[in-house]
Every structure is written in structure tokens, then in C-alpha cells.
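Enquirer: Quick one: sequence and predicted model below, then my questions.
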Amino acid sequence: MPSTMKAAPLIAALLLASNAYAADEQVVKIGVTGPLSGPNAFAGKDDENGVRLAVEELNAQKIKVGGKQLRFELVSEDDQGNPTAGTNVAQKLVDAGVKFVLGPYNSGVAIPASRVFNSAGVLMSTVGTNPKITQSGYGTVFRMVASDTQVGGTMADYAAKELKIRKVGVIDDRTAFGQGVADEFARRAKAAGITVAGREFTRDTASDFASILTALKAKGVDAIFYGGYAPQGAPMARQMKQFGMTAKLLGGDTLCSPEMAKLGGDAVGDNVRCAQAGAILEKQAAGPAFIARYKARFKRDPDVYAPTFYDQTMFIAQAMKETSSVDPAKVNAALHSMSYQGVVGNYGYDAAGNLKKTAVTVYTFKNGALAPLASY
């Protein structure tokens with residue numbers, strides 16, 4: 001008998017087994033959209049890593065829903081931190097059949113992308129902090145962290161009560177995030193009795209802040225609040241040092257990144273204070289173990305939002321198990337009604353998609369690393 005004839009039954013058996021396995025398997029695509037290129041690529045990659053770790057751990061659990069084993073598949077796209085690119089990426093994920101998306105990272109991308117995802121019934125979970133993101137009335141949008149109202153407000157209260165700041169300058173980079181958090185800081189600072197001596201503007205691609213800093217130094221400010229990202233915050237800190245400014249540099253969660261110390265060097269230390277949504281990871285029951293697993297997998301420590309992206313991915317999977325469904329409408333309802341204890345906090349969403357409870361932690365930098373000061 002020819003060898004090809006002998007092999008035919010074996011091939012047929014293998015194909016039959018493969019088809020049977022495929023019939024018992026349900027692929028769930030988990031999308032990620034964030035800046036994987038450009039100055040904020042470090043953040044986008046960190047967020048992606050958080051989802052990747054969750055996907056790998058979920059697949060190892062061999063979860064069954066509706067009699068089928070789920071196989072989670074990561075689909076990651078680079079939105080470049082750009083609203084136009086982000087909208088195109090959103091449509092690309094929709095066209096690929098993705099029903100659950102983690103991201104975008106930038107508020108300015110999240111606002112237009114949310115329209116695309118909502119129209120397609122895709123659940124979007126973002127760390128974009130601009131309040132407008134969840135004021136659209138879209139029922140498919142979730143904000144995994146505190147909003148600008150909470151982050152900017154907390155930093156203003158901290159500046160008044162703990163730092164005893166009396167006069168502050170406010171700078172923003174004109175992005176949806178930067179302007180939103182700076183507006184809220186300025187509003188709460190005034191309410192706390194702090195004088196806002198100057199309001200200045202820059203761009204999210206700028207590197208020279210000499211004229212702005214010169215103007216604020218002349219006004220004798222005790223602190224500068226910067227609404228923007230680490231790639232601009234770090235050189236701003238260096239230039240403040242060069243100009244002999246002793247004012248504190250304050251900011252939101254985007255300055256609470258190891259990237260600040262990496263880019264700013266010895267100009268970033270106790271002079272920098274930032275407010276980040278979420279509790280102190282190292283002090284959470286599951287925090288140290290998460291850090292160890294992340295570092296073992298990616299050979300680096302997690303940055304700002306890797307644990308948050310990890311937690312939300314796990315929450316989505318938990319909702320699938322609770323509802324015995326991968327239908328995004330059913331998962332959506334479960335995310336609004338359930339609560340989930342993650343590695344960095346407890347997750348539960350109100351009707352608008354905001355967290356019902358969230359902590360905000362104020363950090364500084366010591367020896368090139370983030371050091372928590374207080375949680376509120």
C-alpha cells in the first residue's frame with residue numbers, strides 16, 4: 001500500500017480532532033489602543049503589557065463559558081496619541097470584530113474614539129481622565145480611574161493643606177487631558193485660597209519652556225502645576241532647576257511615571273509632586289505578587305497603568321463567567337452591577353461608566369523612583 005494511502009486515515013483523524021476542538025473553543029478578541037510610538041510610547045507599551053499578562057493568565061486558566069473554552073486573543077493597535085489616528089484605529093478594531101477594548105490612554109483620543117466604539121456596541125475601558133468622556137451618555141464607556149475632577153482637585157487640596165502653597169502658576173499643553181486637569185486644579189486651588197498668578201499654555205511636543213518659566217518666576221510663584229505629559233514635564237523640571245527656581249512642580253497622573261525621573265535626572269526629586277488615580281500598588285494585598293509576575297514576564301517594573309489595564313481585563317473575564325456569555329451587552333450589564341477586587345483597587349461602575357469608589361494617591365520622587373506620600 002502506498003505511503004500516501006496509509007497517511008490518509010491519520011490526516012483525516014487529525015483534521016476531525018482539530019475541527020472538534022475548534023467547535024469547543026470560543027475566541028474572544030481583546031483590543032488595546034494606545035500610543036505605541038512617539039514620546040508616550042512608554043505608557044502605551046506598559047498598558048499593553050498589563051493586558052497581555054492578563055490574557056496569558058486567563059488562557060492558562062482554561063475558562064469555559066456556555067460549554068466552550070475561551071481563548072483570549074490580544075489585538076493591539078498604535079493610535080499614536082493622536083485623535084485622527086485614534087479614530088481610524090477604533091474603526092479598524094471594530095472591523096476586526098473586537099468587542100472589548102482597553103484604551104485609549106489619551107483623553108483627546110478617547111473622546112472621538114468612544115463614538116466609534118459605542119456605535120458598534122464595543123465596550124471601551126479607558127484611563128482618559130477628561131470628564132467629557134463619560135458625559136456623552138454612551139452606555140458602553142468605562143473610565144477605569146479617577147477623573148480630572150478628582151485628580152486635579154486632590155492635588156489642589158494637597159498643595160493648600162500640606163505644601164502651604166499661596167501662589168501658583170498653571171500651565172497646560174492644550175490637549176484634552178492637560179487642559180481638563182489644569183482647569184480643575186485652578187478651580188479648586190482658588191477655592192482653597194491659593195492665588196493663581198498666571199495661566200500659561202504650551203504644546204505637547206514642546207521642549208523649551210524658558211519664556212513661560214521666566215514669566216512665572218517673575219511673579220514669585222510657590223509652585224507650578226503642569227497639565228501635560230512626562231516627556232514635557234521632565235525638561236520643564238530641568239529648566240526650572242537651571243533658572244534657580246525653588247517652586248514645586250505639581251502635576252497629575254501622567255507625571256507619576258518612572259519616565260519623569262529617567263528624562264529629568266537629578267532635576268526630578270522632592271521638588272515634584274503628582275497625583276495618580278488608584279491606591280498604592282505595593283501596599284495592596286495582591287500588589288507585590290503582581291509586580292513580581294510583571295517583572296518576570298517583561299523584565300521591567302510596571303509603570304503607571306499596567307495594573308489597571310490588567311485588572312479591567314480580568315474584570316471583563318469575570319463578567320463573562322458570571323453571565324455565562326461573551327455577548328458584550330450582557331457583559332456590559334454585569335460590569336455595571338458587579339464589583340471586582342483587582343490588584344490595585346476595587347472596581348464597580350455607575351450608570352455613566354465612572355468608578356463608584358476610587359482612591360487618589362500623591363507621590364514624589366526619591367532616588368529616581370516614585371515614592372508615595374498619601375492616599376485620599
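Expert: Perfect, thanks for sending it.
Enquirer: need the contact list for the residue sitting nearest the centre point of the chain.
Expert: Centroid-nearest residue in the chain, with Cα atoms, centre = their mean: Val127, separated by 3.8 Å. For Val127, the contacting residues are Asp47, Gly103, Tyr105, Arg143, Met144, Val145, Asp253, Ala277, Tyr305, Thr308, Phe309, by Cβ atoms under 8 Å, 6 or more residues apart in numbering. Every C-beta, even on glycine, is put in place using the N, C-alpha and C of the backbone.
Enquirer: Top of those residues by number of neighbours, please.
Expert: Gly103 (32 neighbours; other Cβ atoms under 10 Å).
Enquirer: So it is in contact with Ile30, correct?
Expert: No. In this structure, Gly103 is not within contact of Ile30 by Cβ atoms under 8 Å, at 10.6 Å.
Enquirer: list the residues that contact both of the two?
Expert: By Cβ under 8 Å, 6+ apart, Gly103 and Ile30 have no common neighbours.
Enquirer: now the helices: where do they sit in the stretch 251-376 of the chain?
Expert: Along the stretch 251-376 of the chain, counting by DSSP state H, counting those that start in this stretch, helices occupy 258-264, 287-298, 306-323, 328-337.
Enquirer: In the stretch 1-150 of the chain, where is pLDDT below threshold?
Expert: Low-confidence segments of the stretch 1-150 of the chain (pLDDT under 70): 1-23.
Enquirer: Run through the helices of it in chain order.
Expert: Taking DSSP H, counting those that start in this stretch as the criterion, the stretch 1-150 of the chain carries its helices at 3-23, 41-61, 83-95, 107-119, 148-161.
Enquirer: TSV for those helices, including distance to Val362?
Expert: Shown next, in TSV, are the helices of the stretch 1-150 of the chain (distance: least, Cβ to Cβ, whole Å):
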stretch	distance to Val362
helix 3-23	51
helix 41-61	20
helix 83-95	30
helix 107-119	21
helix 148-161	5
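Enquirer: Which residues are in contact with Ile171?
Expert: By Cβ under 8 Å, 6+ apart, the residues touching Ile171 are 182, 199-202, 209, 212, 216, 224-228, 236.
Enquirer: For it, name its beta-bridge partners.
Expert: Under DSSP bridges, the beta-bridge partners of Ile171 are Glu200, Tyr226.
Enquirer: And for Gln26?
Expert: Counting by DSSP bridges, the residues bridging with Gln26 are Leu70.
Enquirer: Burial check on it, number of neighbours?
Expert: Neighbours of Gln26 using other Cβ under 10 Å come to 18.
Enquirer: Quick check: it touching Glu73?
Expert: No. With contact defined as Cβ under 8 Å, Gln26 does not count as touching Glu73 (10.7 Å).
Enquirer: I'm done for today, thanks for sticking with me.
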